[in-house]
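Fold the stuff below for me.
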Amino acid sequence: MGSVTRLQTAREPKVAFHRSEMGKILNVYGKMVMAGQAKDYAIGMFKDHALFAIFRRHAEAPTWRIEKTPALRNAQGAYVVYGSGNQVLKRGHDIDNVLRVFETRKFEVISNPGRNG
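From the prediction side, this is the model:
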């Protein structure tokens, strides 16, 4: 039997949400699901930022994105919430304050094409 050589690759560190941050984000997401405003989510970890994307419908672009960029923590704040048009809805140093943007928004269904009346 021959010997097996494995290539050792240096993994680049990736930014991730901490467990406490994820708990807060998932709490907001759960409320949105219960209100019928969210159907799916995606999590991304990259070299310079972490991402939690919330989808109103499956297989679409995300309606909201929550990003953590540690490099901005001393400037604008590490956390930001983007809307569907890539507009900044809230930015700051504290995840609790940034997530409050979801409390102030009225997530009402304006039209439902599946219902008559």
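
ranges for the strands of this structure?
40-45, 50-55, 64-68, 79-82, 88-92 (DSSP state E).

If you count contacts, what does the second one end up packed against?
So the one you mean is strand 50-55. Counting contacts by 3 or more CB pairs under 8 Å, 6 or more residues apart in numbering; DSSP states H and E, strand 50-55 packs against helix 19-34, strand 40-45, strand 64-68. C-betas here are computed from N, CA, C, even on glycine.

Pick the most buried one from these.
Using mean count of other CB atoms under 10 Å, the stretch among the helices and strands packed on strand 50-55 with the largest mean neighbour count is strand 64-68, at a mean of 23.

can you list contacts of that one?
15, 17, 21, 25, 49-54, 78-84, 89, 95, 98-99, 102 (CB atoms under 8 Å, 6 or more residues apart in numbering).

hang on, the earlier thing: quick one: which of the helices and strands packed on strand 50-55 is nearest Arg11?
In terms of CB to CB, the element of the helices and strands packed on strand 50-55 nearest to Arg11 is strand 40-45, at 11.5 Å.

And the closest one, how far out from the chain middle?
Distance of strand 40-45 from the chain centroid (CA atoms, centre = their mean, to the nearest Å) equals 6 Å.

got the angle for it vs strand 50-55?
170 degrees (axes from the mean of the first three to the mean of the last three CA atoms, to 10 degrees).

partners of strand 40-45, with directions?
Strand pairing for strand 40-45, using DSSP bridges, gives strand 50-55 (antiparallel).

who's in contact with the partner strand?
Identification of contacts with strand 50-55 by CB under 8 Å, 6+ apart yields 14-17, 22, 25, 29, 32, 38-45, 61-68.
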